[in-house]
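Colleague: mind folding the following:
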Amino acid sequence: MTPEQWRQGGKTLEVPDGRVFWTEHGSEHGDAPALPVLVLHGFPTSSWDFCEVAQIVARRRRVVLFDFIGFGHSDKPHDAGYSLFEQADVVELVARAAGLRRAHVWAHDMGTSVATEVLARRERELLHFEPASIVLMNGSVHIEMARPTVGQKILLSPAGDLFARLGSRAVFFAQMKRIYGRPARDADLQGMWELLDRADGRRRLPAIIAYMRERVRFRRRWVGALERLDLPALVAWGEKDPVARLEIARQLEQEIAGSERARFAELGHYPQVEDAAQVASAVEAFWSKHDAAAPRA
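Modeller: The predicted structure is shown next:
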């Protein structure tokens with residue numbers, strides 16, 4: 001499915017910072033339906049990363065996906081704050097628009113940090129929907145253990161604006177290929193680049209990537225929410241990821257009581273793109289075990 005086909009199947013939601021693209025696949029079936037899934041994508045790409053794996057999962061359950069503000073087919077305003085707190089607001093607004101009262105949350109890369117803010121709000125009884133479980137996949141929640149790419153480091157530096165302006169398709173392809181575990185398909189990278197570049201998206205990257213500093217500043221709030229988590233959790237990881245390294249997965253497994261794990265030995269930073277069938281099988285097995293779990297009182 002091309003990025004344009006993905007857009008054509010979606011909807012637009014007005015939020016305070018602009019228009020958010022969202023889409024859904026599959027439906028709820030039967031008297032005791034499988035719970036829906038809400039997907040939180042990563043940086044610097046979009047929900048399109050999940051187009052193939054979502055169609056597999058949607059054979060059994062409803063899947064709701066969206067692009068954070070500044071990403072993909074959503075608006076990319078020049079004066080937005082792009083804080084993870086603001087992106088968590090978008091999560092809640094999409095959940096409300098989709099009518100989600102209870103759903104499994106599936107987060108990748110930057111989305112894992114947004115997910116920890118969602119969990120922090122849940123602890124404080126400020127969340128407007130109920131996560132049934134959490135899947136954390138290849139995200140640098142523990143930023144001190146990560147190895148950012150050269151491009152990420154430059155974007156965080158005073159040269160970030162210039163680097164973003166001069167960024168090219170060739171540089172993007174080269175950096176992405178380094179973080180895959182398997183050879184990347186050019187069609188996938190081309191679609192990611194088109195979505196990143198649309199609506200002057202490259203120029204927003206220095207502002208957006210400031211979320212990495214938030215991971216340090218709000219570590220206690222977000223890691224604390226994981227340490228106190230009372231939901232089923234799956235730590236699903238591509239072991240060949242050179243950025244969100246396997247050590248982060250091991251740390252998360254220690255912190256989250258009763259967490260389960262799925263390891264993809266040959267995959268890198270984008271497991272859902274590199275092998276959609278393998279990833280879909282792992283997450284579906286986890287969700288199937290926890291669909292019937294009683295919601296928190």
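Colleague: pLDDT weak spots in the stretch 1-150 of the chain?
Modeller: 29-32 (pLDDT under 70).
Colleague: now Glu123: closest residue in space, sequence neighbours ignored.
Modeller: Using CB to CB, 6 or more residues apart in numbering and skipping the chain neighbours, the partner closest in space to Glu123 is Ala225 (5.7 Å). C-beta here means a position set from N, CA and C on the backbone, and glycine is covered the same way.
Colleague: which parts of this protein are strands?
Modeller: Here the chain has its strands, by DSSP state E, at 11-15, 18-25, 37-40, 63-66, 102-108, 130-137, 233-238, 260-264.
Colleague: between those, which one is closest to Ala184.
Modeller: Nearest of those to Ala184, taken as CB to CB: strand 233-238 at 12.6 Å.
Colleague: strand partners of that closest one, parallel vs antiparallel please.
Modeller: Applying DSSP bridges, strand 233-238 is found paired with strand 130-137 (parallel), strand 260-264 (parallel).
Colleague: tell me which of these sits most buried.
Modeller: Comparing those by mean neighbour count (mean count of other CB atoms under 10 Å), strand 130-137 comes out on top with a mean of 24.
Colleague: okay, the angle between that strand and strand 102-108?
Modeller: Counting by axes from the mean of the first three to the mean of the last three CA atoms, to 10 degrees, strand 130-137 lies at 20 degrees to strand 102-108.
Colleague: so how far is strand 130-137 off the chain centroid?
Modeller: Strand 130-137 sits 11 Å away from the centroid of its parent chain (CA atoms, centre = their mean, to the nearest Å).
Colleague: which parts of the stretch 151-297 of the chain are helices?
Modeller: For the stretch 151-297 of the chain, the helices defined by DSSP state H, counting those that start in this stretch occupy 160-166, 169-179, 186-197, 205-208, 211-217, 219-227, 246-255, 271-274, 276-290.
Colleague: which elements pack onto the fourth one?
Modeller: Think helix 205-208. helix 160-166 (3 or more CB pairs under 8 Å, 6 or more residues apart in numbering; DSSP states H and E).
Colleague: thinking again about what came up before, quick check: which of the strands of the chain is nearest to Ala88?
Modeller: For the strands of the chain, the distance to Ala88 is smallest for strand 37-40, at 9.3 Å, taking CB to CB.
Colleague: how about the closest residue to Val15 other than its chain neighbours, what does it touch?
Modeller: Of all residues not flanking Val15 in the chain, Leu93 sits nearest, at 5.2 Å (CB to CB, 6+ apart). For Leu93, the contacting residues are Leu13, Val15, Val20, by CB atoms under 8 Å, 6 or more residues apart in numbering.
Colleague: please name the bridge partners of the first one.
Modeller: Counting by DSSP bridges, Leu13 forms beta bridges with Val20.
Colleague: could you export stretch 267-281 as PDB, keeping only the C-alpha atoms?
Modeller: C-alpha atoms of stretch 267-281 as PDB (Å, rounded to 0.1, in the frame of the first residue of the first chain):
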ATOM      1  CA  LEU A 267      15.400  -7.700  13.000                       C
ATOM      2  CA  GLY A 268      16.500  -4.200  13.700                       C
ATOM      3  CA  HIS A 269      14.900  -0.900  14.700                       C
ATOM      4  CA  TYR A 270      11.800  -1.300  12.500                       C
ATOM      5  CA  PRO A 271      10.600  -4.900  13.200                       C
ATOM      6  CA  GLN A 272       7.100  -4.200  12.000                       C
ATOM      7  CA  VAL A 273       8.400  -3.200   8.600                       C
ATOM      8  CA  GLU A 274      11.200  -5.700   8.300                       C
ATOM      9  CA  ASP A 275       9.000  -8.800   9.000                       C
ATOM     10  CA  ALA A 276       5.300  -7.900   9.400                       C
ATOM     11  CA  ALA A 277       4.200 -11.500   9.700                       C
ATOM     12  CA  GLN A 278       6.600 -12.400  12.500                       C
ATOM     13  CA  VAL A 279       5.800  -9.300  14.500                       C
ATOM     14  CA  ALA A 280       2.000  -9.700  14.000                       C
ATOM     15  CA  SER A 281       2.200 -13.300  15.200                       C
END
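Colleague: next one: it to chain centre, how far?
Modeller: Centroid separation between stretch 267-281 and its chain, computed with CA atoms, centre = their mean, is 13 Å.
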